[in-house]
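Visitor: I need the structure of the sequence given here:
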Amino acid sequence: MLKNPAVYMLANGRNGTLYVGVTSNLAERVWQHKSNASDGFTARFGVHYLVWYEFHETMEQAIAREKALKKWRRKWKVRVVELFNPGWDDLFPDVC
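Guide: Predicted coordinates:
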């Protein structure tokens, strides 16, 4: 399987609850969130819309970026989403 390390943000709507994650298979991981494959934060709060993502050369780089983003203030995360995806559209179809 081809690995493509990515950091991503999910939301439950425009300016809604945000979730930051990291994966080596973005399409599969977002599908898992959408289908509530596991009981967790995204299932509990209905955070299913892929609103931002960023690919990296290595998983180590992606993990470092995820850790940094998780420390950011909410308004900084919202700004990143709005610059990348002003309509807060679900980008899942773009990565499938």
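Visitor: CA only for contacts and neighbour counts going forward, please
Guide: Noted.
Visitor: mind checking how far the biggest helix by length in the chain is from the chain centre?
Guide: Using DSSP state H to define each element, the chain has its longest helix at helix 59-71. Its chain's average C-alpha position is 12 Å from that of helix 59-71, according to CA atoms, centre = their mean, to the nearest Å.
Visitor: Going by neighbour count, list what's buried in the helix or strand following it.
Guide: Using DSSP states H and E, the next helix or strand after helix 59-71 towards the C-terminus is helix 74-84. For helix 74-84, the buried set under the neighbour-count rule, 16 or more other CA atoms under 10 Å, comprises 77-78, 81-82.
Visitor: Hmm, R65 is touching Y8, no?
Guide: No. Applying CA atoms under 8 Å as the test, R65 and Y8 come out as separate, 10.0 Å apart.
Visitor: So for those two, which sits in the more crowded spot?
Guide: Taking other CA atoms under 10 Å, R65 and Y8 do not tie; Y8 has more neighbours (21 against 17).
Visitor: Wasn't the more buried one part of a strand?
Guide: Yes. Assessed by DSSP: H, G, I helix; E, B strand; the rest coil, Y8 belongs to a strand.
Visitor: Tell me if I'm right that H48 and T42 touch.
Guide: Yes. In this structure, H48 is within contact of T42 by CA under 8 Å, at 6.7 Å.
Visitor: what's the overlap in contacts for those two?
Guide: H33 (CA atoms under 8 Å, 6 or more residues apart in numbering).
Visitor: What is the burial count for L10?
Guide: L10: 28 neighbours (other CA under 10 Å).
Visitor: Equivalent analysis for A37, please.
Guide: The burial count for A37: 12, using other CA under 10 Å.
Visitor: Please tell me the pLDDT value assigned to it.
Guide: For A37, the pLDDT comes out at 92.
Visitor: The one 4 residues further on now?
Guide: On the pLDDT scale, F41 is placed at 95.
Visitor: And N85, by the same measure?
Guide: 98.
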